[in-house]
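In: Structure here, sequence nowhere to be found:
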């Protein structure tokens, strides 16, 4: 196939889109049209679809960056970034790599009026694609993650959790912490309030409530989202929003109220996800990130308790507006100090 037979498009036919993902082992939930629709309905999120198709309009390469803004207008240009949460995706062949080269060239030529940079969050090992990404201006930087193999027996999964983790889970159960599955929008509100408290304490911006509501309404009926709530004495003290796609569970958002730190609600929630995933025949639990190599990161220490495999698939970033990035970074640090 020659490059002349390849065509860049911003609009994919949904059935062909899903078929392309079904046949690609590296596809993630973030590449799906369902997740695209979730982001479409979330405040300060604007997803875009970029694809290269063949003469039959079948996708060969895909990029689905979401323009995310932390601040409202008129500060939108100083807080907007494009994030491809699933990274790039292409057919695992020579023509797929050719299509990806064409795609990245087209995306790079596109004027990025508001996004300061585009970040590709690699969900799988894309070392073989790095020359294409680097040549398009996407600098690689290490980023860690933990993956748990759910094909192991429940007994093995339990033994792989370190001693403090197992003690925390047992203590949570003895003290009366329970885990329920969220089935209503009221439950989404409860989970969101837990997250809002966590993010306020760490002075990190949290996505708007509309993102979680859209995910609940669109993904839950398809079995692509599970909301788990940790309860203690009638109060919700922890929550996890996890995404399901093919044989993989992705830890999207989660945490527990620090006021109840001694109850180990976080540990109990993660163990619940692992055990349930193993029972349902899922293959992998993806913790959703563990920070940069060599940089202390509390959540990485917590995730390490569960005995998963530490991987470094990294991220690729291209800065479109260096001067705006410098201003945004300075403003972000000032905001955190004053918060």
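Out: Looks like it came in fine. None of the values given here were measured: they were computed from a predicted structure.
In: if you skip the residues just before and after it, what's nearest to residue 293?
Out: residue 142 (4.6 Å; Cβ to Cβ, 6 or more residues apart in numbering). Heads up, the C-betas are built off the backbone N, CA and C, glycines and all.
In: Could you double-check that that neighbour sits in contact with residue 312?
Out: Yes. Between residue 142 and residue 312 there is a contact under Cβ atoms under 8 Å: 5.2 Å.
In: what do those two both touch?
Out: Common contacts of residue 142 and residue 312, defined by Cβ atoms under 8 Å, 6 or more residues apart in numbering, comprise residue 293.
In: quick one, helices of the chain?
Out: Applying DSSP state H to the chain gives helices spanning 14-22, 33-40, 94-109, 130-135, 154-160, 163-174, 185-202, 209-219, 265-279, 298-304, 322-338.
In: shaky segments in the stretch 1-150 of the chain?
Out: Within the stretch 1-150 of the chain, the segments meeting pLDDT under 70 span 1-4, 71-79, 112-113.
In: hey, where'd the strands end up in it?
Out: Ranges of strands in the stretch 1-150 of the chain, per DSSP state E, counting those that start in this stretch, are 7-9, 45-47, 50-53, 59-63, 66-69, 80-84, 89-90, 117-121, 139-141, 144-149.
In: Residue 256: which of these is closest?
Out: Smallest distance to residue 256 across the strands of the stretch 1-150 of the chain (Cβ to Cβ): 18.1 Å, for strand 144-149.
In: follow-up on the earlier one: tabulate the strands of the stretch 1-150 of the chain (JSON lines), appending mean neighbour count and distance to residue 245.
Out: Formatted as JSON lines, these follow (neighbours: other Cβ atoms under 10 Å; distance: least, Cβ to Cβ, whole Å):
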{"stretch": "strand 7-9", "mean neighbour count": "15", "distance to residue 245": "23"}
{"stretch": "strand 45-47", "mean neighbour count": "19", "distance to residue 245": "16"}
{"stretch": "strand 50-53", "mean neighbour count": "24", "distance to residue 245": "19"}
{"stretch": "strand 59-63", "mean neighbour count": "25", "distance to residue 245": "15"}
{"stretch": "strand 66-69", "mean neighbour count": "20", "distance to residue 245": "17"}
{"stretch": "strand 80-84", "mean neighbour count": "23", "distance to residue 245": "16"}
{"stretch": "strand 89-90", "mean neighbour count": "28", "distance to residue 245": "13"}
{"stretch": "strand 117-121", "mean neighbour count": "22", "distance to residue 245": "15"}
{"stretch": "strand 139-141", "mean neighbour count": "13", "distance to residue 245": "25"}
{"stretch": "strand 144-149", "mean neighbour count": "21", "distance to residue 245": "15"}
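In: That's all I had, so thanks and see you.
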